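Enquirer: Give me the fold of what follows.
(chains A and B)
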Amino acid sequence: MFFYIIRRLVSVVVMLFIISMTTFLVFFASPVDPASLTCAKNCTPQVIEGNRKLLGFDKPITVQYANFVKGLFVARDFPDDPEQKARAPQTIFTCEAPCLGYSQRQAKSVTEIIKDGLPITASIALGAFILWITSGVFLGIIAALNRGRWIDRLLVGISLVGYSLPSFFIGQLLLVFVAIKWQLWPIPNFVPPSEGLGLWAQSIMLPSVTLAAIFGASYVRLTRAYMLETMAEDYIRTARAKGVKESVVVRRHGLRAALTPIVTAAGLDLGGLLGGAIISEQVFSFRGLGWTSIQAITNTDLPVIVAVVVVASFFIVVANLVVDVLYGVIDPRVRMS
Amino acid sequence: MTNAPGQVEPPSGPSGVGAAVAEVDTTVDSAAVDGAVAIKGRSPWEIVRRRLRQDRVTMVAFGASVFFVVLAAIAPLLAKVGILNPDQTHPELVQGLGSMPEGFMGGVSASHWLGVEPGTGRDLLSRIITGMTTSLTVALLATIFSVVVGTIIGIISGFAGGRIDWLLSRFMDLVLSFPSTLMLLSLQAVLVDRIASLMGQPSSAPPPKIAFMVLVLGFFGFPFFARIIRGQVLSLREREFVEAARSLGARRGRIYFKELLPHLWAPLLVYTTLVLPANISAEAALGFLGVGLNPPTASLGAILNDTVAYALPDPAYFFFPGVTVFLLVLSFNLLGDGLRDALDPKAGRQ
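Expert: Numbers count the residues shown, from 1 in each chain, chains lettered A, B, ... in the order given. The predicted structure follows:
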């Protein structure tokens, strides 16, 4: 088990290395001159050259990447010019480690920008996760235990509708009708959890519901299918034959086995969410990572784009690792080798 | 969106969707003289067709999907003969406050079934149908791209094994580790201009953007197909007919496409039907975010982007395009589900 985790950790580091390098190459070594993308309307040759030097695009791509990796551990200067630093230190921006780059658009370190957005995205993602897991799994079990009856058909039908409804549509409905027109819920405006958990939960409720709807729907179907499969197993019949109470059969024998693949899927989906609950954030104007990335794209703020992609990939890869390790803990039939 | 959460695998796993095995039907033949039970063998195709025909929901979904596709296909023609008028403005219909359409439900009338667009008074139904043409084209081309690349890589990976399989599998892991929605958004910054110059068009014109969306949506979708195909090929390559083809000296290309491919149509068909709606929503979502096709081009995403501002003053204008996307996605999803059930040899009707 221990060696398995070590080996997986190593592979995660290798994966992150390759991902960050690929992202870097795609955005900074493409045939389009990255410096010319930094200033949209007010581009003059001087501005382009200035930004090229400021952001280090004048150096070979390998050096740029090495500097990026170095910046994760030690502070970096923008522009990286010791002579200018000695001459006029106030013109140099020092980006503290871990430094993900410098956004000249916002005159801020990219790490700061990510740090501002992450708690908001994480809050929405967490809220959505709790909503979709509890409702999805619970309703899925009910559907499976009532297979073929009207309640099963109703739940399967609802989940199909939820699964096919575009999430921007749900979000816009919630915002415009539930919050603005009928005023059934206060208009969401992010409140950090430090200012009260109740207020925090209230503020993220509608964006989380928007995000959770589509996942919840697919988890009803997923849970139902796994439950049906498990409840048809021989050991369930054995347990019943032994005279075990039906509720215990369902919980201890059925659900436990059915939960394993659901945990796997849920972990991976949660990891993917941190890359941006983009639509939900856009609908409710929450300034999370998704919103940040949209802003960065409309302003072609390349350092921010690269950082958001790398951070999002980081969460996906880590979620993969956690799920693999958890798998062995939850399901005793799986042995690590 | 893209949410792209269509990524949850069906519980039976990729291997669950195989060609239906021939089954033996043991209905009593009433014509049998001495009450003997007539046993009739059915080909896999017959079984699938029979199952599908008994499944009313799937048949309705099939009908709706065909209807949408045909409508989208003939829309340019309808626009040419003047049945659809997506670009004709009707200032006389939007004289209300703030150029809002007058009348019930955003100006619904006999000549404008879904009302008119606020501001310009263009016919909403015409706009939605012509928009569907663009959106379905993008979704369909992206899906085809995923299927073709995914099938080729899946077959090679599964059949070749060893180092090639390892490399291709790690490559797929890498692609799947990227946040696909985010990439779809952000790659525009560096790719659209490039594609435009390759196509010799200005980067603001729709074709480069369409090409970009097809390529990127298709690229991030291919590992799903490749993994499923690889799994199938892993078990197929041990079968006797492959052994036979090999010992007869068949070349790799022949084994891939003439021997293996015909066994893969079932999962390909099912997953194509399930990925297509995901791509439709992706296009719509991008449009909604304002980073998809731009409003002068009629696409569902572009229309949706325009409706956002009107959700409160003109709810009908907001509802109709959104509901269209919903119905499109729903019918393809239902069709895909039905096909999966019909093609799954393990499926007892659930």
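
Enquirer: where do the strands sit along the chain?
Expert: Defaulting to chain A. Under the criterion DSSP state E, chain A contains strands at A:76-78, A:93-95, A:102-103, A:108-109.

Enquirer: Switch to chain B, please.
Expert: B:24-25, B:40-41.

Enquirer: Compare these and say which comes out lowest on pLDDT.
Expert: Lowest mean pLDDT within the strands of chain B: strand B:24-25, a mean of 46.

Enquirer: In JSON lines: the strands of chain A, plus mean pLDDT, mean neighbour count and distance to chain B.
Expert: For every residue, glycine as well, the C-beta is placed using N, CA and C. Converted to JSON lines, those look like this (pLDDT from 0 to 100; neighbours: other Cβ atoms under 10 Å in any protein chain shown; distance: least, Cβ to the nearest Cβ, whole Å):
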{"stretch": "strand A:76-78", "mean pLDDT": "78", "mean neighbour count": "20", "distance to chain B": "20"}
{"stretch": "strand A:93-95", "mean pLDDT": "79", "mean neighbour count": "16", "distance to chain B": "21"}
{"stretch": "strand A:102-103", "mean pLDDT": "84", "mean neighbour count": "24", "distance to chain B": "14"}
{"stretch": "strand A:108-109", "mean pLDDT": "86", "mean neighbour count": "20", "distance to chain B": "19"}
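
Enquirer: Quick one, grab the pLDDT at residue B:66.
Expert: Listed pLDDT for residue B:66 reads 95.

Enquirer: Share the number of residues neighbouring it, please.
Expert: Using other Cβ atoms under 10 Å in any protein chain shown, the number of residues around residue B:66 comes to 12.

Enquirer: Tell me the spacing between residue B:54 and chain A.
Expert: Separation of residue B:54 from chain A (Cβ to the nearest Cβ, to the nearest Å): 16 Å.

Enquirer: for residue B:231, same thing?
Expert: Taken as Cβ to the nearest Cβ, the span from residue B:231 to chain A is 16 Å.

Enquirer: quick one: that residue and residue B:157 touch, right?
Expert: No - using Cβ atoms under 8 Å, residue B:231 is not in contact with residue B:157; the gap is 10.0 Å.

Enquirer: Compare these two (neighbour count), which wins?
Expert: Neighbours were counted for residue B:231 and for residue B:157 using other Cβ under 10 Å; residue B:157 has more, 23 against 16.

Enquirer: Give me the nearest residue to the more buried one, chain neighbours excluded.
Expert: What sits nearest to residue B:157 in space, not counting adjacent residues and going by Cβ to Cβ, 6 or more residues apart in numbering or on different chains, is residue B:168, at 4.1 Å.

Enquirer: what's the burial count for residue B:115?
Expert: Using other Cβ under 10 Å, residue B:115 has 24 other residues around it.

Enquirer: So it is in contact with residue B:124, correct?
Expert: Yes - at 5.3 Å, residue B:115 and residue B:124 qualify as touching, with contact defined as Cβ under 8 Å.

Enquirer: shared neighbours, those two?
Expert: Common neighbours of residue B:115 and residue B:124 (criterion: Cβ atoms under 8 Å, 6 or more residues apart in numbering or on different chains): B:106, B:317, B:320.

Enquirer: Tell me which of the residues you listed fall in helices.
Expert: Here DSSP state H is the test, and the shared contacts of residue B:115 and residue B:124 give B:317, B:320 as lying in helices.

Enquirer: Next, format the shared contacts of residue B:115 and residue B:124 as a markdown table and append distance to residue A:108 and pLDDT.
Expert: Rendered in a markdown table, the data for those read as follows (distance: Cβ to Cβ, whole Å; pLDDT from 0 to 100):
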| residue | distance to residue A:108 | pLDDT |
| --- | --- | --- |
| B:106 | 43 | 71 |
| B:317 | 39 | 86 |
| B:320 | 42 | 90 |
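
Enquirer: and the shared contacts of residue B:115 and residue B:124 as JSON lines, adding distance to chain A and neighbour count?
Expert: JSON lines is the format used below for the shared contacts of residue B:115 and residue B:124 (distance: Cβ to the nearest Cβ, whole Å; neighbours: other Cβ atoms under 10 Å in any protein chain shown):
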{"residue": "B:106", "distance to chain A": "15", "neighbour count": "26"}
{"residue": "B:317", "distance to chain A": "12", "neighbour count": "26"}
{"residue": "B:320", "distance to chain A": "11", "neighbour count": "21"}
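
Enquirer: Of the shared contacts of residue B:115 and residue B:124, just say which sits nearest to residue A:53.
Expert: Using Cβ to Cβ, residue B:317 is the member of the shared contacts of residue B:115 and residue B:124 that lies nearest residue A:53, at 49.4 Å.

Enquirer: That closest one: what's it in contact with?
Expert: So residue B:317 contacts B:101, B:106, B:115, B:117-118, B:124, B:307, B:310 (Cβ under 8 Å, 6+ apart).

Enquirer: Any of these buried? List them.
Expert: By neighbour count, with 16 or more other Cβ atoms under 10 Å in any protein chain shown, those hold B:101, B:106, B:115, B:117-118, B:124, B:307, B:310 as buried.

Enquirer: What residues of stretch B:187-200 count as buried?
Expert: Quick answer for stretch B:187-200 (16+ other Cβ under 10 Å): B:187-193, B:195-196.

Enquirer: Distance check, residue B:305 against residue B:131.
Expert: Residue B:305 sits 11 Å away from residue B:131, going by Cβ to Cβ, to the nearest Å.

Enquirer: Neighbour count: those two, which is higher?
Expert: residue B:131 (27 against 23).

Enquirer: what ranges of chain A fall below the confidence cut-off?
Expert: Within chain A, the stretches with pLDDT under 70 are A:30-32, A:40-42, A:274-276, A:332-337.

Enquirer: how about the helices in it?
Expert: Per DSSP H, chain A carries helices over the ranges A:2-28, A:45-55, A:61-71, A:82-87, A:110-145, A:150-164, A:167-173, A:197-231, A:234-241, A:246-248, A:256-273, A:278-284, A:289-298, A:302-330.

Enquirer: Same question for the stretch 251-350 of chain B.
Expert: With helices called from DSSP state H, counting those that start in this stretch, the stretch 251-350 of chain B shows them at B:252-254, B:265-289, B:300-307, B:315-343.

Enquirer: could these be laid out in TSV, adding distance to residue A:326?
Expert: Listed next are the helices of the stretch 251-350 of chain B as TSV, based on distance: least, Cβ to Cβ, whole Å:
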stretch	distance to residue A:326
helix B:252-254	40
helix B:265-289	27
helix B:300-307	38
helix B:315-343	28
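
Enquirer: So which of these is the most surrounded?
Expert: Ranked by mean neighbour count, the helices of the stretch 251-350 of chain B are led by helix B:300-307 with a mean of 27 (mean count of other Cβ atoms under 10 Å in any protein chain shown).

Enquirer: can you give me the angle that one makes with helix B:315-343?
Expert: Relative orientation of helix B:300-307 and helix B:315-343, computed by axes from the mean of the first three to the mean of the last three Cα atoms, to 10 degrees: 150 degrees.

Enquirer: on contacts alone, who are the packing partners of helix B:300-307?
Expert: Contacts defined by 3 or more Cβ pairs under 8 Å, 6 or more residues apart in numbering or on different chains; DSSP states H and E place helix B:300-307 against helix B:124-160, helix B:265-289, helix B:315-343.

Enquirer: Select, out of the ones you listed, the one closest to residue B:179.
Expert: Nearest to residue B:179, of all the helices and strands packed on helix B:300-307, is helix B:265-289, at 13.2 Å by Cβ to Cβ.
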